[in-house]
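In: here is a sequence together with a model predicted from it:
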Amino acid sequence: MKQYGLIGYPLGHSFSAAWFAQLFEAEGITDAVYSNFPLATIEELPALLATHPDLHGFNVTIPYKEAILPYLTELDPQAAAIGAVNCVKIIRLDNSVILKGFNTDSWGFERSLLALIGDSRPTALVLGTGGASRAVGYVLESLSIPFRKVSRRAAEQVLSYDELTEEAIRQSPLIVNTSPVGMSPHVDEMPRIPYSAIGRSHFLYDLIYNPAQTAFLREGRRQGAAVINGYAMLVAQAQRSWEIWQESVTV
């Protein structure tokens, strides 16, 4: 039985195991299983690989999309440019195990973003500076969309939430939340931005999918903005991960 899975911590919010179970049933795949592997620390990864010799690939979620990099043998060029990995292909040879990292978050984000903004290229604010924000920034750059990141603390090329004025919101029609603020069970929380400046010309994208409508999106919708959650991105990145795991390998 071929094994696939998801590492991260905690994993109570993950949709991956259920999604892959549905995929396997729909495609009549009976020789594969997808499981959650909650790792309290990334240092537990070598033991996981040693105790699961049938593991052929896994996804990576919070908080290990960047922390996993030192454990990888190879990086796909796009993942290297992004600096974060959410998909790992395991290649087992006679005397070694090769771990190749990919970023399918960027694949999923680009396709779902274009469905939201169409041909427009609005200036953007990216809320959060973690691994997911790296994939978002990579896509925005590739689409020639200017953007600034926002975090709790100001840094070079990064605004703090305290510096985020109404004028900055008005000048940035696209706002992407890559932070976990508002994720279940903390459904009443939302990023600390001046929502009064959001209008009908705005697009709000929340990478969170549980709940389906976060407080961030709900407030944006109330102000007239077009909104989307992260479910379409998750489905697209999962589909791409499966394709990567099934691709033949030449060593």
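Out: Sure thing, it's come through. Numbers count the residues shown, from 1 in each chain.

In: helices along the stretch 51-200 of the chain, start to end?
Out: 77-82, 105-117, 131-142, 166-170 (DSSP state H, counting those that start in this stretch).

In: where along the stretch 151-251 of the chain do the strands fall?
Out: For the stretch 151-251 of the chain, the strands defined by DSSP state E, counting those that start in this stretch cover 158-160, 174-177, 203-206, 226-228.

In: residues in contact with the first one?
Out: Spelled out, that is strand 158-160. 125, 129, 148, 149, 150, 151, 152, 153, 154, 168 (CB atoms under 8 Å, 6 or more residues apart in numbering). (Glycine included, C-beta is placed from N, CA and C.)

In: domain-wise, how is the protein divided?
Out: Here the domain parsing of the chain from automatic domain parsing is 2-103, 105-232.

In: out of those domains, which is the most enclosed?
Out: domain 105-232 (a mean of 18; mean count of other CB atoms under 10 Å).

In: please name the nearest non-neighbouring residue to residue 36.
Out: residue 11 (4.6 Å; CB to CB, 6 or more residues apart in numbering).

In: apart from its neighbours in sequence, what residue is nearest residue 35?
Out: Closest to residue 35 by CB to CB, 6+ apart is residue 5, at 4.5 Å.

In: ok, that neighbour - contacts?
Out: Here residue 5 is in contact with 17, 34, 35, 36, 37, 55, 58, 59 (criterion: CB under 8 Å, 6+ apart).

In: ok so the third one is a helix residue?
Out: Read it as residue 35. No. Using DSSP: H, G, I helix; E, B strand; the rest coil, the assignment for residue 35 is strand, not a helix.

In: that one against residue 3, yeah?
Out: Yes. Using CB atoms under 8 Å, residue 35 is in contact with residue 3, at 6.8 Å.

In: can you give me the buried ones in the longest helix seen in the chain?
Out: Identified as the longest helix of the chain according to DSSP state H is helix 231-246. For helix 231-246, burial by neighbour count (16 or more other CB atoms under 10 Å) applies to 231-238, 240-242, 244-245.

In: what is the mean pLDDT for that helix?
Out: In this model, helix 231-246 has a mean pLDDT of 96.

In: show me what it is packed against.
Out: helix 16-27, strand 55-60, strand 87-92, helix 105-117 (3 or more CB pairs under 8 Å, 6 or more residues apart in numbering; DSSP states H and E).

In: redo the ones you listed as CSV? Include distance to residue 138 and mean pLDDT.
Out: Output for these, formatted as CSV (distance: least, CB to CB, whole Å; pLDDT from 0 to 100):
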stretch, distance to residue 138, mean pLDDT
helix 16-27, 22, 95
strand 55-60, 16, 97
strand 87-92, 15, 96
helix 105-117, 5, 96
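
In: nice, that's everything, thank you.
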